[in-house]
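Peer 1: no letters, just coordinates:
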């Protein structure tokens with residue numbers, strides 16, 4: 001059974017950094033692109049970024065480009081989201097997800113991901 005578990009969320013102040021982790025189990029994830037999404041209260045889920053199955057390239061939403069970095073460790077079946085220069089508008093529940101096709105570059109469309117974690121809350125105060 002595929003399971004994704006995010007961790008590393010919490011409270012931060014504007015300008016701080018956080019690193020989220022997503023540990024995957026129950027499958028072989030090295031062949032799949034992995035994505036990060038977020039959903040703020042009262043808003044739709046949005047794409048944050050993704051990393052190809054090869055470990056690069058990476059893709060980012062304009063709102064986080066230059067501040068967030070995605071990396072992966074296939075030996076540990078873990079994907080990371082390093083978030084720097086946090087802003088209050090980054091406040092959301094953050095989810096990792098597995099892209100539905102092997103050996104493919106990811107997309108920003110959430111419906112193309114077929115496994116999701118339970119999410120971790122990130123709250124950034126001004």
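Peer 2: On my side now, so go ahead. None of these values were measured; they are calculated from a predicted model. Numbers count the residues shown, from 1 in each chain.
Peer 1: please state the offset of stretch 118-125 from the chain centre?
Peer 2: Chain-centre distance of stretch 118-125: 12 Å, with CA atoms, centre = their mean, to the nearest Å.
Peer 1: list the buried residues in that stretch.
Peer 2: Neighbour counts over stretch 118-125 (16 or more other CB atoms under 10 Å) mark 119, 120, 122, 124 as buried. C-beta here means a position set from N, CA and C on the backbone, and glycine is covered the same way.
Peer 1: let's see which of those end up in strands.
Peer 2: Among the buried residues of stretch 118-125, the ones falling in strands (DSSP state E) are 120, 122, 124.
Peer 1: as JSON lines, these with distance to residue 91 and pLDDT would be great.
Peer 2: Output for those, formatted as JSON lines (distance: CB to CB, whole Å; pLDDT from 0 to 100):
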{"residue": "120", "distance to residue 91": "12", "pLDDT": "98"}
{"residue": "122", "distance to residue 91": "6", "pLDDT": "98"}
{"residue": "124", "distance to residue 91": "5", "pLDDT": "98"}
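Peer 1: now, among those, which is nearest to residue 41?
Peer 2: residue 122 (12.0 Å; CB to CB).
Peer 1: mind listing what that closest one touches?
Peer 2: Counting by CB atoms under 8 Å, 6 or more residues apart in numbering, residue 122 touches 9-10, 12, 18, 20, 38, 83, 86, 90-94.
Peer 1: select only the buried ones of these in PyMOL?
Peer 2: Listed next is the PyMOL selection for buried residues among those, using 16+ other CB under 10 Å:
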select buried, resi 9+12+18+20+38+83+86+90+91+92+93+94
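Peer 1: what is the nearest of the contacts of residue 122 to residue 72?
Peer 2: Minimum distance to residue 72 across the contacts of residue 122 is 12.4 Å, recorded for residue 20 (CB to CB).
Peer 1: show me the beta-bridge partners of the closest one.
Peer 2: Counting by DSSP bridges, residue 20 is bridged to residue 81.
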